[in-house]
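Student: Please find the sequence and the predicted model below.
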Amino acid sequence: MWFFIIMNIKKKLFVSTSIFLFAFAGNAEINNKDILMELFKGCVMEQNDGISAGAQFDYCGCITHQVSSKMDLEEAILLGLDVAGATNQKEEQQIILSNQKMKRIVGKCVVKLYE
């Protein structure tokens, strides 16, 4: 389910707004509501047969909040570029999990999902 984050960044943010995003890359958090809404919507649209729609909304809210407060735009863009170079979904997931911030974010939100 968390795979949506990087794919959404790669498809919607990097291609269409990379120049704009790099202008704000020094910020310690992401405050742009349009970017965060795209992240949230991408998460919610992910196919997930294992949890209820309400639980998925909670999870996606957690992911969006954590990314907004723990990552800056430059980090998100760089991670998106790494994922864009992947040749398959397994490799993309490995790249995402190799990023320590994303690993902590996903872990925190998965724990919250099952509490």
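Tutor: Looks like it arrived, so ask away.

Student: any idea whether Ile30 is helix, strand or coil?
Tutor: Classification of Ile30 using DSSP: H, G, I helix; E, B strand; the rest coil returns coil.

Student: what's the spacing between the closest residue to it other than its chain neighbours and Thr87?
Tutor: Closest residue to Ile30 apart from its sequence neighbours, by C-beta to C-beta, 6 or more residues apart in numbering: Ser68 at 4.6 Å. Yep, even glycine has a C-beta here, placed from its N, CA and C like the rest. Using C-beta to C-beta, to the nearest Å, Ser68 is found at 30 Å from Thr87.

Student: Do you have the strands of the chain handy? List them.
Tutor: For the chain, no strands are identified by DSSP state E.

Student: max-length helix in the protein?
Tutor: helix 53-70 (DSSP state H).

Student: Ser68 and Thr87: which is more packed in?
Tutor: Ser68 (19 against 7; other C-beta atoms under 10 Å).

Student: From Asn88, how far off is that one?
Tutor: In this view, Ser68 and Asn88 are 29 Å apart by C-beta to C-beta.

Student: and the residue lying closest to Ala86 once chain neighbours are set aside, how many neighbours?
Tutor: In this structure, Ala86 finds its nearest non-sequential neighbour in Glu92, 4.2 Å apart by C-beta to C-beta, 6+ apart. Counted by other C-beta under 10 Å, the residues lying close to Glu92 total 19.

Student: What of the one 5 residues further on?
Tutor: Look at Leu97: counted by other C-beta under 10 Å, it has 13 neighbours.

Student: Just give me the neighbour total for the residue lying closest to Asp58 once chain neighbours are set aside.
Tutor: Spatial nearest neighbour of Asp58, excluding adjacent residues (C-beta to C-beta, 6+ apart): Leu113 at 6.7 Å. The tally of other residues near Leu113 (other C-beta under 10 Å) stands at 15.

Student: for Val106, same thing?
Tutor: With other C-beta under 10 Å as criterion, Val106 counts 21.

Student: Pull the contacting residues for the closest residue to Ala55 other than its chain neighbours.
Tutor: Nearest residue to Ala55 in three dimensions, chain neighbours excluded: Leu113, at 6.0 Å (C-beta to C-beta, 6+ apart). By C-beta atoms under 8 Å, 6 or more residues apart in numbering, Leu113 lies in contact with 51, 55, 58-59, 62.
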